[in-house]
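> sequence and predicted structure, then a few things I'm wondering about:
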Amino acid sequence: MKTKFLIMTILIAIVFISCNQTKKETSVVEKTATIYYNGDIITMESDEPTYAEAVVEENGKIVFVGNKDEASENYNKANQVDLEGKTMLPAFLDGHGHFYNVGFTAMCANILPTPDGPGVDFNSVVETLNEYKETETGKYVLEKLGWIIGNGYDDSQLAEKDHPKASDLDKVSTDLPVIIIHQSGHLASINSKGLELMGYTANTPNPDGGVIRKDSNGNPNGVLEEAAFFKVLFPVLGKIDDDMAAKCIKQGQDEYAKKGYLTAQDGRTTTDQLAALRKAADEQAYYIDVVAYPDITLGIEQVAEGTYTPTHQYKNKFRLGGVKLTLDGSPQGKTAWLTKCYHVNPEGRTGCYEGYPIMDDDKATEYVKTAFKNKWQILCHSNGDAAIDQYIKAVGAAEKEFGYLDHRTVLIHGQTLRKDQIPELVELSILPSLFPMHTFYWGDWHKESVLGEPRADYISPCRDVIDAGLTITSHHDAPVTFPNSMRVLDATVNRVTRSGKVLGADQRITVYEGLKTLTDWAAFQYFEEGRKGTLTVGKLADFVILDKNPLKIDPMQIHDIQVLESIKEGKKVYELE
């Protein structure tokens, strides 16, 4: 009996030791935490730059920020990521852009001017379109949508300093409709076949809020402004099927992630696009966060009812953030609504041309009141100072009737914001999301043709807005430009034009403030300061890793910084090859 008892005891001990050993080995293998160290880790938490030796991520969240030795002691079984001197920041949030259209335009012919594309003159635009229509992508888009489509021509950068006309685009095709979209996204040019399909003739009146440009004989020349262009574009986009929509959404995410943006904005969502974005969420197709702001003028107040009412909570990385309103057009396209004359009139305009509004004051106020009544955050595209006046008036009326705390109403672009309008933004708690990339892309054009001096020096007055105490963001308005975070930072900080001139040196801001507009302050605009924007314990482990520290290099070299990795909730979603 004693022998049997002894044997039994030994067997039990062996099993117990074996189980414990297996459990111990499993715990070593299953490393759920990751320590990032040995780099410039900028937390973005303070008003001045602050660094941490280490950050620990676990289960998609930040669980430690601080000393490397303490991190290793507390998380001794964690994965180790040696940054090797590289720079880590909280991932960027898109102050304003058009996420879905970024994916869509990536499938169109790239006719942007340098440095982003080949569009230097009419001939290069035509050649690019002719090459594109023979590619697999070009054939795919034509099959799906029925048009040959190019994106990004810019008359201010073309050698002819003019818009390609229908007769120019007829060199691409006379049998198939062709449309090229202006880089501003507010104008386009179509060929003769396109004019025929649209029924645009000498007798066609201009639509409300748009212009069909005509030649000296009164016939449409192919160039379309605002509503006249959207009457072409929206039905074309309406032909996008599920397969193409999925490609748009995947391509959009790829374009944002490779520049460190892990929260993207769809800043004027149509009803069809909203359906596609919602479907992608149901299918768990997102690996970055996407926030949509449907166009309030498209009857979105009905669409938004129910499950997808504007909310601060994501469903499978997608949410409805609020609504978008558009009150005017583009300053570089000379459709923005100003209170003073354009420096040089666009073709066909005489006298003191000031651009034009999209709608009257009563209608603008009605839309803003709808947003305030329903407690929807509203973003409003207002480029010209007259449109900004209209928006301020509408917000004031809505605040008086339906005012509520912490609405975080946003002014989008504010390109020609006047100094005397800034106190009104402060009084109404309107957050400016400015577009200083204009200083690089169109700064020379603003000086020479759009505004003249000294008005051009004051576009996107970031310094004065920050000094007034407002929280601002800086954006790219993609696909107007690529969602290039370092180009955004460069333009916000340096304000240097294509020709190398500084545009409004007194409106420059510091590099650290520029980073704030992409991180901490951007999170505030989204009502997400509690989970994004800084490297803080409890927030999402959304990181971007750069090859250089923007705070430690010559600011003029910022645009050369490369995004090496983007990490969403602890998972690498992009790595530079």
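Right, received. Where do you want to start? Predicted, not measured: the structure shown is a model, and the values here were computed from it.

> quick one: the helices in the stretch 351-500 of the chain?
Per DSSP state H, counting those that start in this stretch, the stretch 351-500 of the chain carries helices over the ranges 361-373, 385-402, 422-428, 438-441, 443-445, 462-467, 485-494.

> quick one: closest of these to Asp162.
Asp162 lies closest, by CB to CB, to one member of the helices of the stretch 351-500 of the chain: helix 443-445, at 13.1 Å. Using the backbone N, CA and C atoms, a C-beta is placed for each residue, glycine as well.

> what mean pLDDT does that closest one get?
Averaging pLDDT along helix 443-445 yields 97.

> and if you look at stretch 274-294?
pLDDT averaged over stretch 274-294 gives 97.

> picking up where we left off before, which one of the helices of the stretch 351-500 of the chain lies nearest to Glu453?
helix 443-445 (11.3 Å).

> against which helices or strands is the closest one packed?
Judged by 3 or more CB pairs under 8 Å, 6 or more residues apart in numbering; DSSP states H and E, helix 443-445 is in contact with no other helix or strand.

> other residues contacting that helix?
156-157, 332, 456, 459, 495-499, 501, 503 (CB atoms under 8 Å, 6 or more residues apart in numbering).

> before we move on, back to that, export the helices of the stretch 351-500 of the chain as TSV, with columns for mean neighbour count and distance to Ala188.
Shown next, in TSV, are the helices of the stretch 351-500 of the chain (neighbours: other CB atoms under 10 Å; distance: least, CB to CB, whole Å):
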stretch	mean neighbour count	distance to Ala188
helix 361-373	19	25
helix 385-402	21	21
helix 422-428	16	32
helix 438-441	26	18
helix 443-445	23	19
helix 462-467	19	30
helix 485-494	26	24
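
> a markdown table for those, including distance to Gly39?
Shown next, in a markdown table, are the helices of the stretch 351-500 of the chain (distance: least, CB to CB, whole Å):
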| stretch | distance to Gly39 |
| --- | --- |
| helix 361-373 | 43 |
| helix 385-402 | 42 |
| helix 422-428 | 38 |
| helix 438-441 | 29 |
| helix 443-445 | 34 |
| helix 462-467 | 28 |
| helix 485-494 | 18 |
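
> start to end distance for stretch 503-520?
In stretch 503-520, first residue to last residue: 26 Å (CA to CA, to the nearest Å).

> thinking again about what came up before, return a PyMOL selection command for the buried portion of the contacts of helix 443-445.
One line in PyMOL is enough to select the buried members of these, burial here meaning 16 or more other CB atoms under 10 Å:
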select buried, resi 156+157+332+456+459+495+496+497+498+503
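
> closest to Gln377 out of the contacts of helix 443-445?
Taking CB to CB as the measure, Ile459 is the one of the contacts of helix 443-445 closest to Gln377, at 25.3 Å.

> wait, doesn't that closest one sit right on Gly452?
No: contact criterion CB atoms under 8 Å: Ile459 and Gly452 do not qualify, at 11.9 Å.

> nearest to Asp520, of the contacts of helix 443-445?
Closest approach between the contacts of helix 443-445 and Asp520, by CB to CB: Arg495, at 21.6 Å.

> for Leu551, see how far away that closest one is.
Per CB to CB, to the nearest Å, Arg495 is found 18 Å from Leu551.

> swap in Ile148?
Ile148 is 46 Å from Leu551, by CB to CB.

> with neighbour numbers in mind, choose between these two.
Neighbours per residue, other CB atoms under 10 Å: of Ile148 and Leu551, the larger number sits with Ile148, 26 against 16.

> and that one, what does it touch?
109, 129, 132-133, 138, 141-142, 172-173, 176-179.

> which non-adjacent residue is nearest Glu45?
Thr534 (4.7 Å; CB to CB, 6 or more residues apart in numbering).

> next one: the one you found from Thr34, what distance?
18 Å.

> go on, Thr471?
31 Å.

> what's the answer for Trp376, then?
In terms of CB to CB, Trp376 sits 38 Å off from Thr34.

> more crowded one of these two?
Per other CB under 10 Å, whichever of Trp376 and Thr34 has more neighbours is Trp376, with 22 against 18.

> tell me which helix or strand comes right after the helix-or-strand element of the chain with minimal mean pLDDT.
Least confident helix or strand, the chain: helix 2-29 with a mean of 38, by mean pLDDT, DSSP states H and E. Going down the chain from helix 2-29, the next helix or strand is strand 33-42, by DSSP states H and E.

> show me what that next one is packed up against.
So strand 33-42, by 3+ CB pairs under 8 Å, 6+ apart, packs with strand 51-58, helix 68-74, strand 79-82, strand 87-90.

> can you do 10 Å?
In terms of contacts (3 or more CB pairs under 10 Å, 6 or more residues apart in numbering; DSSP states H and E), strand 33-42 is packed against strand 51-58, strand 61-66, helix 68-74, strand 79-82, strand 87-90, strand 543-546.

> what strands line up against that strand, and which way round?
The strands beside strand 33-42 in its sheet (DSSP bridges) come out as strand 51-58 (antiparallel), strand 79-82 (parallel), strand 87-90 (parallel).

> of the ones you listed, which is nearest Tyr293?
Proximity to Tyr293 (CB to CB) singles out strand 87-90 among the strands paired with strand 33-42, at 22.3 Å.

> and that closest one, average pLDDT?
98.

> report the distance from that strand to the chain centre.
20 Å (CA atoms, centre = their mean, to the nearest Å).

> could I have it exported to CSV, CA atoms only?
What follows is strand 87-90, C-alpha atoms only, in CSV (Å, rounded to 0.1, in the frame of the first residue of the first chain):
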residue,chain,number,x,y,z
THR,A,87,10.2,59.5,-34.1
MET,A,88,6.8,58.2,-32.8
LEU,A,89,3.7,60.4,-32.5
PRO,A,90,0.0,59.8,-32.0
